[in-house]
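1. After the sequence you'll find the predicted model.
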Amino acid sequence: RLDVRCELCIPGGVVCGALDAEGTVHDVTPDIWRNCQLASFLRHELYDAELTAHSDTLRRYDPVPTPEEEKRLLGIVEEMYSAGVLPGAVELVAQDVGGGCTA
């Protein structure tokens, strides 16, 4: 399990790293990015829409706004499923009491 963190550097860009449980920072590989994309989509879909429906401060955006984005997301799902990663990963996603989810 890794926590991906991105730090905005002004001026200069963004520095990203994957932090493990021991606090060691690793490079973010394409596989880790794919996992992040799928995890963020699942969190978006599992988050309770009622929590944002009557809020002036929170907005809910479409996670797949174009057919190309949907195709890319489905490609990630197919890739992870074929590699045998997806079934175990989905089992780790649990909805918490507050209506969000954790992974």
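-> Here it is on my side, so go on.

2. List the contacts of the spatially most central residue of the chain.
-> The centroid of the chain falls nearest to S40 when counting by CA atoms, centre = their mean (2.4 Å). S40 sits next to P63 when contact means CB atoms under 8 Å, 6 or more residues apart in numbering. In this view, the C-beta of every residue, glycine as well, is placed from N, C-alpha and C.

3. for this protein, what spans make up the strands?
-> 3-9, 13-19, 25-26, 94-95, 101-102 (DSSP state E).

4. Serialize those strands to TSV and add fields for mean pLDDT, distance to L58 and mean neighbour count.
-> Converted to TSV, the strands of the chain look like this (pLDDT from 0 to 100; distance: least, CB to CB, whole Å; neighbours: other CB atoms under 10 Å):
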stretch	mean pLDDT	distance to L58	mean neighbour count
strand 3-9	90	21	10
strand 13-19	91	24	13
strand 25-26	93	30	13
strand 94-95	48	17	11
strand 101-102	49	15	14
